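Q: kindly return the folded structure for what I paste below:
(one chain, ligands or ions: 1)
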Amino acid sequence: MKVIKFGGSSLASSGQVRKVVDIVKTDDARRFVVVSAPGKRDSADIKVTDLLIQLYERKLAHKSLTPLIEEIFSRFREIGEAFGIGEEHLATIHLDLEAVNQLPIENNPHLYDHILSRGEDNNAKLVAGILQAEGVNARYINPKDLGILVTDEPGNARVLYKAYRKIKKWADSEAVLVIPGFFGYTEEGNICTFSRGGSDISGSIVAAGVKADLYENFTDVDGIYAAHPGYIHHPEIIKELTYREMRELAYAGFSVFHDEALMPSFRAKIPVVIKNTNNPNCQGTKIIPNRDQHEKPVIGIASDEGFSMIYISKYLMNREVGFTRKVLTILEEFGIGYEHMPSGIDDISIVIRSNQLDDELQEQLMRKIAYEIDPDELRITHDLSMIMVVGEGMRQRVGVTAESTAALARKRINLEMINQGSSEVSIMFGIHKEQEKLAIRTLYYTFFD
Ligand code: ASP
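A: Residues are numbered from 1 along each chain as shown. Got it, this is the predicted structure:
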């Protein structure tokens with residue numbers, strides 16, 4: 001039994017939905033269909049979720065919602081009519097969108113989430129109607145009825161553990177269930193969405209709940225690339241990777257799968273496959289718990305820019321009990337999270353996302369560290385990119401770091417920092433952002449043909 005999720009670009013037009021219908025029909029094991037809201041039909045188009053954000057803004061400004069509601073409705077109508085679905089399906093969607101007029105603005109912390117969720121909710125009703133018209137025994141199910149219970153954190157909900165037990169009850173459903181992605185319900189019955197792109201998370205939760213054999217995530221690329229296709233011409237598609245490798249590749253800079261979506265499937269040990277709606281016969285990328293075959297030491301190279309590094313050096317740091325705790329407490333006081341923290345005997349570097357700082361905050365932070373830690377040396381470097389060279393095969397092969405640094409040195413790429421992750425499945429290089437592209441190309445051609 002499989003859970004299958006389609007992203008917005010797979011559901012943007014009737015032509016795309018036709019492919020989705022065919023994919024659902026070709027495999028009886030596809031019992032749970034999770035959908036995003038309709039995405040962009042072309043690069044100039046606007047995603048339905050973004051139109052709904054505009055709708056929310058208009059509502060707050062007490063402006064008329066009718067033209068925008070009609071525009072959003074037309075997206076659903078166009079697709080529905082192409083399949084000749086019953087009028088009643090479209091009427092239900094229209095009514096639901098019109099009901100946004102009645103939602104209270106005051107004392108309603110869930111208003112934004114409620115409006116945004118209309119994209120997925122109505123799309124699930126639409127897709128269920130289309131599948132029925134195409135002869136599939138399918139039906140829409142609301143996340144509340146399904147049991148997707150979440151924390152009361154608008155825009156950033158997390159699944160509650162008890163949700164899985166509730167979802168499990170649906171595992172033997174006769175009908176193919178069409179489920180809106182992106183949101184769940186709090187215990188008080190309010191709608192809370194996951195973070196943007198969160199339909200991937202819904203699919204993973206459902207897969208874990210019904211104990212699926214596979215979670216198929218359909219998107220618009222053939223799989224996960226071994227490096228960013230903007231940097232490498234036709235990079236290899238990774239056929240199989242472990243959850244850990246996937247996590248380390250999170251800095252891919254091109255997102256095909258939501259960061260938070262891995263956890264539910266990972267805990268339930270359900271393999272995930274990323275596939276292309278436009279090329280469903282391509283085997284895609286499979287994410288699995290373990291991988292024994294390590295033909296190559298490196299499976300992928302990821303990078304991201306926008307990092308800053310705080311460097312602190314203090315003689316005999318190693319003897320000063322609680323040194324790191326003090327530094328981290330300061331960061332915590334300023335509400336700053338860190339990404340990496342390589343250290344030496346007398347020094348420590350803390351890599352953070354630069355967007356957490358502005359000039360004033362940086363000034364205060366550095367002052368506080370200087371005052372409380374009394375370091376011999378303290379500085380902050382900006383405009384860094386992090387490059388991750390990832391692969392489980394690295395543990396068994398000596399010299400991956402040496403090969404990488406030698407290749408980078410040949411291209412005169414200056415390394416601000418190297419960190420061999422404690423998981424031993426990655427090596428991280430901190431470099432100046434101007435050299436990111438060159439570094440990725442250099443490393444890619446060192447480890448791939
Ligand atoms: N429609 C939502 C978004 O655009 C969620 C999703 O597509 O996964 O963020």
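Q: quick one, what contacts Gly198?
A: Applying C-beta atoms under 8 Å, 6 or more residues apart in numbering to Gly198 gives the contacts 181-183, 258, 260-261. Using the backbone N, CA and C atoms, a C-beta is placed for each residue, glycine as well.
Q: how near is it to the ligand?
A: Computed as C-beta to the nearest ligand atom, to the nearest Å, the Gly198 to the ligand distance reads 5 Å.
Q: skipping adjacent residues, who's closest to the residue in the stretch 251-400 of the chain positioned nearest to the ligand in space?
A: Residue of the stretch 251-400 of the chain nearest the ligand, by C-beta to the nearest ligand atom: His258 (7.1 Å). The shortest distance from His258 to any non-neighbouring residue, by C-beta to C-beta, 6 or more residues apart in numbering, is to Asp200 (3.9 Å).
Q: what does Lys168 give?
A: Gly209 (5.5 Å).
Q: list, one by one, the residues from the protein near the ligand.
A: Counting by C-beta under 6 Å from any ligand atom, the residues of the chain close to the ligand are 8, 36-37, 47, 49, 119, 181-182, 196-199.
Q: now do 8 Å
A: Residues of the chain lying near the ligand by C-beta under 8 Å from any ligand atom: 7-8, 36-37, 39, 47-50, 116, 119-120, 181-182, 193-200, 202, 258.
Q: what about the residue nearest to His258, which helix or strand?
A: Asp200 belongs to helix 199-209 when assigned by DSSP states H and E.
Q: packing partners for that helix?
A: strand 2-6, strand 30-35, helix 162-168, strand 176-180, strand 183-185, strand 214-219, helix 262-267 (3 or more C-beta pairs under 8 Å, 6 or more residues apart in numbering; DSSP states H and E).
Q: kindly recompute the last result at 6 Å.
A: For helix 199-209, the packing partners by 3 or more C-beta pairs under 6 Å, 6 or more residues apart in numbering; DSSP states H and E come out as strand 2-6, strand 30-35, helix 162-168, helix 262-267.
Q: quick check, Glu78 in a helix?
A: Yes. Under DSSP: H, G, I helix; E, B strand; the rest coil, Glu78 sits within a helix.
Q: now it: how far from the ligand?
A: 18 Å.
Q: what about that residue, neighbour count?
A: Neighbour count for Glu78, taken as other C-beta atoms under 10 Å: 13.
Q: same question for Phe6.
A: Neighbour tally, Phe6, other C-beta under 10 Å: 28.
Q: that one against Asp220, yeah?
A: No. Counting by C-beta atoms under 6 Å, Phe6 does not reach Asp220; the two are 10.1 Å apart.
Q: for the protein, which segments are assigned as helices?
A: For the chain, helices defined by DSSP state H occupy the ranges 14-25, 48-60, 66-82, 87-98, 111-133, 143-146, 162-168, 199-209, 243-248, 262-267, 323-333, 359-373, 400-410, 436-447.
Q: for the helix holding Asp200, give the mean pLDDT please.
A: Averaging pLDDT along helix 199-209 yields 98.
Q: quick one: residues contacting Glu216.
A: 2, 4, 273, 275 (C-beta atoms under 6 Å, 6 or more residues apart in numbering).
Q: er, Gly184 actually
A: Contacts of Gly184 by C-beta under 6 Å, 6+ apart are 143, 148, 150, 157.
Q: list the buried residues of stretch 388-407.
A: 388-394, 400, 403-404, 407 (16 or more other C-beta atoms under 10 Å).
Q: how far out from the middle of the chain is that stretch?
A: Here stretch 388-407 is found 27 Å from its chain centre; the criterion is C-alpha atoms, centre = their mean, to the nearest Å.
Q: what's the first-to-last distance across it?
A: 15 Å (C-alpha to C-alpha, to the nearest Å).
Q: which residue, other than its chain neighbours, is closest to Pro104?
A: Leu111 (7.5 Å).
Q: hmm, back to that, could you give the angle of the helix holding Asp200 to strand 176-180?
A: In terms of direction (axes from the mean of the first three to the mean of the last three C-alpha atoms, to 10 degrees), helix 199-209 departs from strand 176-180 by 140 degrees.
Q: and for helix 199-209, what are the contacting residues?
A: Contacts of helix 199-209 (C-beta under 6 Å, 6+ apart): 3, 5, 32, 34, 36, 159, 164, 167-168, 181-182, 194, 215, 257-258, 260-261, 264-265, 268, 270.
Q: drop anything exposed from the residues you listed.
A: Counted by 16+ other C-beta under 10 Å, those give 3, 5, 32, 34, 36, 159, 164, 167, 181-182, 194, 215, 257-258, 260-261, 264-265, 268, 270 as buried.
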